[in-house]
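Participant: this one's structure only:
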């Protein structure tokens, strides 16, 4: 027994060293050490603009808190009521897991729907877009369907493995990571499918030039029409390898932003491609899935474990709580990668003035709080604050006179 314990301790120690080494490699970025504190937001934004942004953000915070509380309450009710119904179905382990999974997904979607619609109305109230419920639902469907399919596949996998193997999490870990990799890859094609190519010859030329600077030539850039449900501007990078796409919302190209500001956005997204942030995010997934699965197994073992489909509500509740607890860590990593994309954008465009103007305009076009309170910053902000992003442009300009 002593030798067995020593062997287990040695295995855990080696695993911890490998985990920490991989996390350190994923944590590294090309951004030099920069001093970004001490910048006063009132230097860049008027008192009226700051008050407006904070009023809008307070409403967003309330909706998020209410939506989160409603989700936890709904899961608590399902943990209390659903197990008996699942055990009475009599469809076997996998069949019962499919039914339980469908009930959970549909319930959570309906619980979140009122808050999502309230958020859409709140944006409309502040002039950030029309209250286009139908158009918004249509836009959500492109991601909801594949997410639901991947969630159901994961549920069936967990219940099937946990019903047969004691240390099922070791077997489920690589499969779940593979599902995440597949979903990240396919999302590149799915997100680009409803989009269309850039129409401006000038912007197409700028893309070719920026791709050459960023060493990511051949990355497709497409435009997605979102003006039927929002006036806010955005862009994002999806997929990896041959499925990599940069998608720009058409609201970024409606004349409110200068060519230099649009170029800063394009260079930012191409910076994500160059830094392989999608693959790095998958690396974090691989690191976090295993301990998460072990915690789920620990939380459910007194009720019969994950192999019992009746415990699926408790599984989802545990995952939801873990997601809330680790959200600050996830946002720290995301902000670090977004900062690297900003830095690469500055190096590619050599236009800190346009980049600074872009960040200032986000307060006007999205009512983004330049310096949000701690709750927002820890749990809701996956980008650096506007003040931090403006401070980076100033530091870049000082280093590149």
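Facilitator: Arrived safely, thanks for sending. Please read all numbers here as calculations on a predicted model, not as lab measurements.
Participant: Would you mind pulling up the elements that the longest helix seen in the chain packs against?
Facilitator: The residue-count maximum for a helix in the chain (DSSP state H) belongs to helix 47-87. Where contact means 3 or more CB pairs under 8 Å, 6 or more residues apart in numbering; DSSP states H and E, helix 47-87 is packed against helix 92-125, helix 312-349, helix 352-366. The C-beta positions use only the backbone N, C-alpha and C, and glycine is treated the same way.
Participant: what would these look like in JSON lines with mean pLDDT?
Facilitator: As requested, the helices and strands packed on helix 47-87 are exported to JSON lines (pLDDT from 0 to 100):
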{"stretch": "helix 92-125", "mean pLDDT": "92"}
{"stretch": "helix 312-349", "mean pLDDT": "96"}
{"stretch": "helix 352-366", "mean pLDDT": "95"}
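Participant: from memory residue 44 sits against residue 388, does it?
Facilitator: No: using CB atoms under 8 Å, residue 44 and residue 388 do not qualify as a contacting pair, with a distance of 11.8 Å.
Participant: and these two? which has more neighbours close in?
Facilitator: Higher neighbour count among residue 44 and residue 388: residue 388, with 22 against 18, using other CB atoms under 10 Å.
Participant: What strand or helix carries that one?
Facilitator: helix 386-399 (DSSP states H and E).
Participant: Now do that helix: everything it contacts.
Facilitator: Helix 386-399 is contacted from outside by 32, 34-37, 39, 41, 44, 339, 342-343, 346-347, 352, 355-356, 359-360, 362-363, 368-371, 383-384, using CB atoms under 8 Å, 6 or more residues apart in numbering.
Participant: Please point out which parts of it sit buried.
Facilitator: 386-393, 395-396 (16 or more other CB atoms under 10 Å).
Participant: can you check stretch 249-256 too?
Facilitator: 249-253.
Participant: can you check stretch 79-86 too?
Facilitator: Neighbour-count burial for stretch 79-86, counted by 16+ other CB under 10 Å, picks out 79, 82-83, 86.
Participant: And the average pLDDT for it is what?
Facilitator: When pLDDT is averaged along stretch 79-86, the result is 88.
Participant: distance between it and the chain's centre?
Facilitator: Here stretch 79-86 is found 31 Å from its chain centre; the criterion is CA atoms, centre = their mean, to the nearest Å.
Participant: now do stretch 243-258
Facilitator: Relative to its parent chain, stretch 243-258 has a centroid offset of 19 Å by CA atoms, centre = their mean.
Participant: shouldn't residue 135 be in contact with residue 228?
Facilitator: Yes: judged on CB under 8 Å, residue 135 makes contact with residue 228 at a distance of 3.7 Å.
Participant: Of these two, which one has the most company?
Facilitator: A side-by-side neighbour count of residue 135 and residue 228, using other CB under 10 Å, places residue 135 first with 18 against 14.
Participant: Okay, the more buried one and residue 129: tell me how far apart.
Facilitator: 10 Å (CB to CB, to the nearest Å).
Participant: Can you classify residue 165 by secondary structure?
Facilitator: Of the three states, residue 165 takes coil under DSSP: H, G, I helix; E, B strand; the rest coil.
Participant: what's the burial count for it?
Facilitator: Look at residue 165: counted by other CB under 10 Å, it has 13 neighbours.
Participant: any idea how far the residue nearest to it when sequence neighbours are not counted is from residue 98?
Facilitator: Once flanking residues are discounted, residue 165 sits nearest to residue 171: 6.0 Å by CB to CB, 6 or more residues apart in numbering. Residue 171 sits 20 Å away from residue 98, going by CB to CB.
Participant: what do you get for residue 132?
Facilitator: Residue 132 sits 34 Å away from residue 98, going by CB to CB.
Participant: what stretches of the protein score poorly on pLDDT?
Facilitator: Residue ranges of the chain with pLDDT under 70: 1, 3-4, 7, 142.
Participant: Nearest residue to residue 259 in space, ignoring adjacent ones along the chain?
Facilitator: residue 202 (6.7 Å).
Participant: Now do that neighbour: how many residues are near it, please.
Facilitator: Residues lying near residue 202 (other CB under 10 Å) number 11.
Participant: Residue 35 too?
Facilitator: 8.
Participant: three-state assignment of it?
Facilitator: The three-state label given to residue 35 by three-state DSSP is coil.
Participant: Now do the helices in the stretch 201-350 of the chain.
Facilitator: Counting by DSSP state H, counting those that start in this stretch, residue ranges of the helices within the stretch 201-350 of the chain are 201-214, 259-275, 277-300, 312-349.
Participant: could you dump the helices and strands packed on helix 47-87 to TSV with mean neighbour count and distance to residue 281?
Facilitator: Below are those laid out as TSV (neighbours: other CB atoms under 10 Å; distance: least, CB to CB, whole Å):
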stretch	mean neighbour count	distance to residue 281
helix 92-125	16	23
helix 312-349	19	8
helix 352-366	20	23
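Participant: got those helices as a markdown table, with distance to residue 189 columns?
Facilitator: Putting these into a markdown table (distance: least, CB to CB, whole Å) gives the following:
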| stretch | distance to residue 189 |
| --- | --- |
| helix 92-125 | 23 |
| helix 312-349 | 22 |
| helix 352-366 | 28 |
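Participant: Which residues does stretch 124-141 contact?
Facilitator: Stretch 124-141 has contacts (CB under 8 Å, 6+ apart) with 52, 56, 117, 120-121, 123, 226-232, 365-367.
Participant: now do stretch 346-359
Facilitator: Outside stretch 346-359, the residues that touch it by CB under 8 Å, 6+ apart are 210, 213-214, 257-258, 260-261, 263-265, 267, 270-271, 342, 345, 386, 389-390, 392-394, 396-397, 400.
Participant: repeat that for 6 Å
Facilitator: Residues outside stretch 346-359 that contact it (CB atoms under 6 Å, 6 or more residues apart in numbering) are 210, 213-214, 260-261, 263-264, 267, 386, 389-390, 393, 396-397.
Participant: Looking at these, which two lie furthest apart in space?
Facilitator: Farthest apart among the contacts of stretch 346-359 by CB to CB are 213 and 386. That separation is 25.0 Å.
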